[in-house]
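Visitor: The following comprises the amino acid sequence and a computationally predicted model.
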Amino acid sequence: MRQKNVKQWCVLAILMVLGWSAPSFAHKVYVFAWAEDGFVHSESSFGDKKVIKGKVEVTDESGAVISKGITDEQGNYSFKIPDNPGSDLVITMDASMGHKATWRVPLEEMQGAASKAAHGDAMAQKAELEKGPSIMRIASGIAIIFALAFGAGFVTKRRRKKNHD
């Protein structure tokens, strides 16, 4: 009878431990990247946990290294899109202990992001040029108008005085 109770308690304890444990995704690393505003941005994680200080290497299709770095506290890494990239870029995330993942950023996506960034820069310059006058310019303009009006009044007053004499 005692042996049966021990087995039941063991089975119950095992079921309780397995029931309370959450599934773990720590053995698979994920990397996701996209091109935007002249940069390629990437995010790396172990599912719900960010990869902190993970090694990132960016290569083109020929294997030439374009950028290297480490992820920040949020698992992010960004780099400027190279001028005239000749191929897709491959981002390799090495989160240590054999945890690696790759992501391919298509050439067309980078070209679109680079042209949007250039367009954005041109629009910012245009907005700077089209920006309305400053308070100083407005005050200067008003001062000039008053000075001209005062000068015209002074000349008119002198003419009247001359005509009366």
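Guide: Thanks, I have it.
Visitor: switch to C-alpha atoms for all contacts and neighbour counts from now on
Guide: Noted.
Visitor: And the closest residue in space to Phe46 that isn't next to it in sequence, what's its pLDDT?
Guide: Closest residue to Phe46 apart from its sequence neighbours, by C-alpha to C-alpha, 6 or more residues apart in numbering: Val29 at 4.6 Å. Val29 is assigned 89 on the pLDDT scale.
Visitor: Could you count how many residues lie near Val29?
Guide: Val29 has 22 neighbouring residues, counting by other C-alpha atoms under 10 Å.
Visitor: can you list the domains in the protein?
Guide: 30-128, 132-165 (automatic domain parsing).
Visitor: I figured the residue nearest to Phe46 hits Lys100, correct?
Guide: Yes. Counting by C-alpha atoms under 8 Å, Val29 touches Lys100, with 6.3 Å between them.
Visitor: where's the residue nearest to the spatial centre of the chain relative to Phe154, distance?
Guide: For the chain, His41 is the residue whose C-alpha lies nearest the centre (C-alpha atoms, centre = their mean; 6.6 Å). Distance, His41 to Phe154, using C-alpha to C-alpha, to the nearest Å: 67 Å.
Visitor: same thing with Met136?
Guide: For Met136, the distance to Phe154 equals 27 Å [C-alpha to C-alpha].
Visitor: circling back: helix or strand for the residue nearest to the centre of the chain, which one?
Guide: Taking DSSP states H and E as the criterion, His41 maps to strand 39-45.
Visitor: could you point out which element follows that strand?
Guide: strand 55-60.
Visitor: List the buried residues of the helix or strand following that next one.
Guide: Next in sequence after strand 55-60, counting helices and strands by DSSP H and E, comes strand 65-70. By neighbour count with 16 or more other C-alpha atoms under 10 Å, strand 65-70 contains the buried residues Ile66, Ser67, Ile70.
Visitor: picking up where we left off before, quick check: the residue nearest to the centre of the chain touching Ala35?
Guide: Yes. Contact criterion C-alpha under 8 Å: His41 and Ala35 qualify, at 6.3 Å.
Visitor: All set, thanks.
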